[in-house]
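*Asks:* Here is the input, now give the coordinates:
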Amino acid sequence: MTVAVAEDTTLLMTRIFDAPAARVFDAWLTREKWQSWVGPPGTQCEIPLLEPHVGGRYRIDMRMSNGGPVIPVGGVFKVIDRPRKLVMTWCWDGDPARESLLTLLFAERDGKTELTLRQEGLATLANRDDHGRGWAGVFGKLAAYLAGHSEAA
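*Replies:* Numbering: from 1, shown residues only. Model (predicted):
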């Protein structure tokens, strides 16, 4: 996995997944699949809202293993171009000042998928770095999920 920084507070990450682009893409837009791997290690997530169409909303409730408060994340889907591109807002629910834009690009390479994540609008360098650590853990969980679920695209 590579992590790069663009424009100071923009996070840019790339990772190769051992699955076709359609499978990796669909893991983001099917409630049961997304719920199985989303959230950094040490969290259990529920997705009480998922409207997978442009203009549709989503909500993820992250429960930390240490018993801390539920962290609600939500947003709106801006672009859904299966299996190439997914763009959505990403925001701590109820705090529009912490909204960022998440762009995911899925490029198929010999049956594998190069996933590039770009998160723009993060408020500080520390916030960018925190999100980078979180997404690195999430990508690890996604890789494990894809390895354990070999259904066809």
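
*Asks:* what number of residues lie near Asp81?
*Replies:* Neighbourhood size, Asp81 [other Cβ atoms under 10 Å]: 12. Using the backbone N, CA and C atoms, a C-beta is placed for each residue, glycine as well.

*Asks:* secondary structure element for the closest residue to Ile71 other than its chain neighbours?
*Replies:* Closest residue to Ile71 apart from its sequence neighbours, by Cβ to Cβ, 6 or more residues apart in numbering: Met62 at 4.3 Å. Using DSSP states H and E, Met62 maps to strand 57-64.

*Asks:* other SSEs contacting the next helix or strand after that strand?
*Replies:* Following strand 57-64 in sequence order, the next helix or strand is strand 71-81 (DSSP H and E). Under the contact criterion of 3 or more Cβ pairs under 8 Å, 6 or more residues apart in numbering; DSSP states H and E, strand 71-81 touches strand 57-64, strand 85-92, strand 100-109.

*Asks:* would CSV of these with distance to Gln119, mean neighbour count and mean pLDDT be doable?
*Replies:* Formatted as CSV, these follow (distance: least, Cβ to Cβ, whole Å; neighbours: other Cβ atoms under 10 Å; pLDDT from 0 to 100):
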stretch, distance to Gln119, mean neighbour count, mean pLDDT
strand 57-64, 15, 18, 93
strand 85-92, 7, 19, 94
strand 100-109, 5, 17, 97
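
*Asks:* okay, those strands in CSV with distance to Pro72 next?
*Replies:* Below are the helices and strands packed on strand 71-81 laid out as CSV (distance: least, Cβ to Cβ, whole Å):
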stretch, distance to Pro72
strand 57-64, 6
strand 85-92, 7
strand 100-109, 15
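
*Asks:* Longest helix in this protein, please.
*Replies:* Of all the segments of type helix in the chain, defined by DSSP state H, the longest one is helix 125-148.

*Asks:* Since that was my last question, I'll sign off now.
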